[in-house]
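Undergrad: Below are the sequence and a predicted model; questions follow.
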Amino acid sequence: MTSRFTELAIDCADPEGLARFWCAVLGYEVLDTDDGLFTIGPQPIPDAQRGPVPPTLTFARVPETKTVKNRLHLDVNPTDRDQADEVRRLLGLGARPADVGQRDASWVVLADPEGNEFCVLASRRP
């Protein structure tokens, strides 16, 4: 038997606000808001279209603030536009440029509204 990656828990100061940001980034929706936790994920998939299910993201309020570079981060790939257009869209949603020491990379490093770094990779459009 093996385990399957089903959920990523993210500590934050504003679970609702960060959940809204990541819903807009990923096209997810809020699935649950139990006890101040906000869980987001893809819209339910009809049984006829079953396949790999992306993990959900759960945002939990914590008192600590982020002070150092993430040890784990998300990579996103635009599906319907090129990388530069997607970076502009994400900046408009509240992301900001981040410097984690990258140099001449093919990806762009941004930070979400709470400073969590993530990468925008080149488009995977056909």
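TA: Perfect, thanks for sending it. The model shown is predicted, which means the values in this text are computed figures rather than measured ones.
Undergrad: Can you report how many residues lie near residue 19?
TA: Using other Cβ atoms under 10 Å, residue 19 is surrounded by 24 other residues. C-beta coordinates here come from the backbone N, C-alpha and C atoms, glycine included.
Undergrad: If you drop the residues flanking it in sequence, what lies closest to it?
TA: With sequence-adjacent residues excluded and distances taken as Cβ to Cβ, 6 or more residues apart in numbering, residue 19 is closest to residue 38, at 3.7 Å.
Undergrad: which residues touch the one you found?
TA: The neighbourhood of residue 38, defined by Cβ atoms under 8 Å, 6 or more residues apart in numbering, consists of 15, 16, 18, 19, 30, 32, 58, 59.
Undergrad: just curious, which of the residues you listed is nearest to residue 52?
TA: Nearest to residue 52 among the contacts of residue 38 is residue 58, at 19.1 Å by Cβ to Cβ.
Undergrad: Listing partners with orientation, what would you give for the helix or strand hosting the closest one?
TA: Element membership of residue 58 [criterion: DSSP states H and E] is strand 56-61. Using DSSP bridges, the strands paired with strand 56-61 are strand 7-12 (parallel), strand 38-41 (antiparallel).
Undergrad: Let's have those strands in TSV, adding distance to residue 116 and mean pLDDT.
TA: Below are the strands paired with strand 56-61 laid out as TSV (distance: least, Cβ to Cβ, whole Å; pLDDT from 0 to 100):
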stretch	distance to residue 116	mean pLDDT
strand 7-12	7	95
strand 38-41	14	96
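Undergrad: The ones you listed: which one's closest to residue 104?
TA: Closest approach to residue 104 among these (Cβ to Cβ): strand 7-12, 29.0 Å.
Undergrad: Pull up the gap between residue 116 and residue 105, please.
TA: 18 Å (Cβ to Cβ, to the nearest Å).
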